[in-house]
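Trainee: give me a 3D structure for the following:
(2 chains)
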2 protein chains.
Amino acid sequence: MRAATIREKQVGVEDHPDPTPGAGEVLVRIRAAGLNGADIMQRAGKYPAPPGSPADIPGLELAGEVAAVGDAAERFAVGDRVMGIVGGGGQAELCAVHERQLMPVPEGLDWAAAGGLPEVFTTAHDAVFTQGLLKPGERLLVHGAAGGVGTAAVQLGRRCGAHVTATVRSQERRDDVAALGAHEVLDPEGFEEHGPFDVILELVGAPNLSANLKALATGGRIVVIGVGAGAKAEINLLVLMGKRGTLRASTLRARPLEEKAATARALEAQVLPGFVDGSLSVPLAETFPLDQVAQAYKHFTAGGKLGKVVVEMG
Amino acid sequence: MRAATIREKQVGVEDHPDPTPGAGEVLVRIRAAGLNGADIMQRAGKYPAPPGSPADIPGLELAGEVAAVGDAAERFAVGDRVMGIVGGGGQAELCAVHERQLMPVPEGLDWAAAGGLPEVFTTAHDAVFTQGLLKPGERLLVHGAAGGVGTAAVQLGRRCGAHVTATVRSQERRDDVAALGAHEVLDPEGFEEHGPFDVILELVGAPNLSANLKALATGGRIVVIGVGAGAKAEINLLVLMGKRGTLRASTLRARPLEEKAATARALEAQVLPGFVDGSLSVPLAETFPLDQVAQAYKHFTAGGKLGKVVVEMG
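Mentor: Next up is the predicted model:
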């Protein structure tokens, strides 16, 4: 098969042996696979793939058709449309994935959207609901809301009946984020005057921590899943005590099969119906064919547009 | 009634009007009331009583007999032995307490033990189980284990089937803490070499934070309920992400009635049976009659002994 391949901190396309599905696995003929920040980190040599995933093929999500079924795999049949997160290897023509990590592609969703859905919606749903325990009527703050996970979190928060506040650095993207359902879209400076917030999704990093604590509601939860702007900050534990607050931090990629599978079940039950009823969508910035994967990475890192960058296969 | 009274940062005994039980309240003729660190902070003017509690009578816990019952109170009858946490006013001859905050005194428990039980066992149980979600087979680390809450946490952790590690600064108290059920008792320096720990109960403060993060197991929870040694520390959020960790902080005193009542129900169901079957005990350092409350405070702040200091009423 052909696959995006990381070699000397560059991404190109190379031939690789076709994977074969092991017990419980499904071989997916990939039609689309989104790019994510972790791919860029991996390209730079900073975020190696976890054991069991190909070391040199990037791609944390994929969508495609079932091409073959391994022993004891029974959830899907050849030809079924599936999607899911993987530890790596998504940006390729084929990938063997455990069937418990896969979800059916909602009817009516095209390949580009399906290929860009799993990572950001799984990450956002896990962070906001499974970790942050957001409930209807609560106030959600999403930092970095114009990014992939941010756009998913804004939509999920709005859809569950929460009040959604978003911070967006770029003036040009604020209308887009408001259109996704944010009740208010703020500049990051001074956001703490708009609290208190029950759940704060931190996609930017440590520089927000002190203001996040100030803006936290009693019993509130801060969930950190991105620290691009810095990882170290001073924390005042007395303030956290006074708020009876929780600071959680997480990543998806390093989790074992059973935990990744649990996120897929949660998405199937709680999120995918929103793509059928029209309350959720995958914002797409641009798609590229696999042989232009280098341009796709360039486009992704350039930033400036809202939505996913997705690689499409044949 | 006579009551311990804070005046100009000193504690003495003064006469106060008898409280009357309001709707849902019970008037308790107090027999014993423990001292806690919060009393010392309140005496220093640093921790005012919450609204609804007497401003000048310290005491966060009490045990005694029901002397009268207010309208619509139905859980207890006159003469019943009761105990519980209060927002203040425990170190007095009488206190009106909402019946939902009170628990029956376990059979066989004497007044001094009952008066010193509620605050530390409620705090420890809430922190370790309700906030920290400790489960059998997990590893619990208790910092400051020779203090009141620490001695309760060590016993509760041992009783639930967890592996309990305790840190104790004073060499002289380590055998006592081991006798309470700690599997290992360590000097605070270098404790992080003994991890990983699933739940870390932080009773000391910010100086431990960085080593706590290092010693945390994947998916582990740090629960901060004491910051006597300092409140501010640097936190590395990337380390917390890598551990998929949780940092929670809490206090009991500021919580509303429904939350305090919920802690009392949890204690009744999950903790009090341990005082009947002998698996739990209230370590007592010393008791003082109410008219020697000033000496009781002096003894408490002097430290050096393991167990509760309790004031007994006539």
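Trainee: so which bits of the stretch 101-250 of chain A are right by chain B?
Mentor: Within the stretch 101-250 of chain A, the positions near chain B by C-beta under 8 Å from any C-beta of the partner chain are A:205-206, A:209, A:224-225, A:227, A:231-250. Every residue, glycine included, has its C-beta placed from N, CA and C.
Trainee: just the buried ones from those residues?
Mentor: Neighbour counting with 16 or more other C-beta atoms under 10 Å in any protein chain shown marks A:205-206, A:209, A:224-225, A:227, A:231, A:233, A:235-250 as buried within those.
Trainee: for chain B, what's the nearest residue on the stretch 51-200 of chain A?
Mentor: Relative to chain B, the nearest point of the stretch 51-200 of chain A is A:Gln131 (8.4 Å; C-beta to the nearest C-beta).
Trainee: can you tell me how far A:Arg248 is from A:Ser170?
Mentor: 27 Å (C-beta to C-beta, to the nearest Å).
Trainee: oh sorry, the question was meant for A:Val105
Mentor: 31 Å.
Trainee: looking at these two, which one has more neighbours?
Mentor: A:Val105 (25 against 14; other C-beta atoms under 10 Å in any protein chain shown).
Trainee: does the more buried one really touch A:Gly84, like I thought?
Mentor: No - judged on C-beta atoms under 8 Å, A:Val105 makes no contact with A:Gly84 at a distance of 9.8 Å.
Trainee: domain map for chain A?
Mentor: A:2-117+A:274-312, A:120-249 (automatic domain parsing).
Trainee: and the end-to-end length of the shortest one?
Mentor: Looking back up the chat, that one is domain A:120-249. Taking C-alpha to C-alpha, to the nearest Å, the first and last residues of domain A:120-249 lie 16 Å apart.
Trainee: which of the residues of the stretch 101-250 of chain A next to chain B fall within helices?
Mentor: Counted as lying in helices by DSSP state H, out of those, are A:Leu209, A:Leu237, A:Leu238, A:Val239, A:Leu240, A:Met241, A:Gly242, A:Lys243.
Trainee: so what's the third one up against?
Mentor: With contacts defined as C-beta atoms under 8 Å, 6 or more residues apart in numbering or on different chains, A:Leu238 is in contact with B:Val227, B:Ala231.
Trainee: ok, it to B:Ala231 distance?
Mentor: Taken as C-beta to C-beta, the span from A:Leu238 to B:Ala231 is 4 Å.
Trainee: can you show me the helices along chain A?
Mentor: Going by DSSP H, chain A shows helices at A:37-43, A:111-115, A:118-125, A:148-159, A:174-179, A:209-215, A:237-243, A:257-270, A:273-276, A:293-302.
Trainee: JSON lines please, covering the ones you listed and showing mean pLDDT.
Mentor: Output for the helices of chain A, formatted as JSON lines (pLDDT from 0 to 100):
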{"stretch": "helix A:37-43", "mean pLDDT": "92"}
{"stretch": "helix A:111-115", "mean pLDDT": "98"}
{"stretch": "helix A:118-125", "mean pLDDT": "97"}
{"stretch": "helix A:148-159", "mean pLDDT": "97"}
{"stretch": "helix A:174-179", "mean pLDDT": "96"}
{"stretch": "helix A:209-215", "mean pLDDT": "97"}
{"stretch": "helix A:237-243", "mean pLDDT": "96"}
{"stretch": "helix A:257-270", "mean pLDDT": "96"}
{"stretch": "helix A:273-276", "mean pLDDT": "97"}
{"stretch": "helix A:293-302", "mean pLDDT": "96"}
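Trainee: including distance to A:Asp198, could those helices go into JSON lines?
Mentor: Formatted as JSON lines, the helices of chain A follow (distance: least, C-beta to C-beta, whole Å):
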{"stretch": "helix A:37-43", "distance to A:Asp198": "26"}
{"stretch": "helix A:111-115", "distance to A:Asp198": "30"}
{"stretch": "helix A:118-125", "distance to A:Asp198": "16"}
{"stretch": "helix A:148-159", "distance to A:Asp198": "11"}
{"stretch": "helix A:174-179", "distance to A:Asp198": "20"}
{"stretch": "helix A:209-215", "distance to A:Asp198": "11"}
{"stretch": "helix A:237-243", "distance to A:Asp198": "11"}
{"stretch": "helix A:257-270", "distance to A:Asp198": "18"}
{"stretch": "helix A:273-276", "distance to A:Asp198": "21"}
{"stretch": "helix A:293-302", "distance to A:Asp198": "32"}
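Trainee: so which of the ones you listed gets nearest B:Gly150?
Mentor: helix A:237-243 (17.0 Å; C-beta to C-beta).
Trainee: what about A:Asp80, how many residues nearby?
Mentor: That count, for A:Asp80 with other C-beta under 10 Å as the rule, works out to 16.
Trainee: ok, now which ones touch it?
Mentor: So A:Asp80 contacts A:Glu65, A:Val66, A:Pro104 (C-beta under 8 Å, 6+ apart).
Trainee: how close does the closest residue to the first one other than its chain neighbours sit to A:Thr251?
Mentor: Nearest in space to A:Glu65, with sequence neighbours left out and distances taken as C-beta to C-beta, 6 or more residues apart in numbering or on different chains, is A:Arg29 at 5.1 Å. Counting by C-beta to C-beta, the gap between A:Arg29 and A:Thr251 amounts to 28 Å.
Trainee: for the residue nearest to A:Leu290 when sequence neighbours are not counted, what are its contacts?
Mentor: Leaving aside its sequence neighbours, A:Leu290 sits nearest to A:Met313 (C-beta to C-beta, 6+ apart; 5.1 Å). By C-beta under 8 Å, 6+ apart, A:Met313 lies in contact with A:Arg29, A:Ile30, A:Arg31, A:Ala32, A:Ala33, A:Gly64, A:Ala92, A:Glu93, A:Pro289, A:Leu290.
Trainee: which residues does the fifth one bridge with?
Mentor: On the basis of DSSP bridges, A:Ala33 is bridged to A:Val311.
Trainee: just to revisit the earlier point, wait, which of the helices of chain A is closest to B:Ile6?
Mentor: helix A:237-243 (21.8 Å).
Trainee: quick one: distance of that closest one to the chain centre.
Mentor: Computed by C-alpha atoms, centre = their mean, to the nearest Å, the separation of helix A:237-243 from the middle of its chain amounts to 30 Å.
Trainee: who's in contact with A:His125?
Mentor: Counting by C-beta under 8 Å, 6+ apart, A:His125 makes contact with A:Ala152, A:Leu156, A:Thr263, A:Ala266, A:Leu267, A:Gln270, A:Val271.
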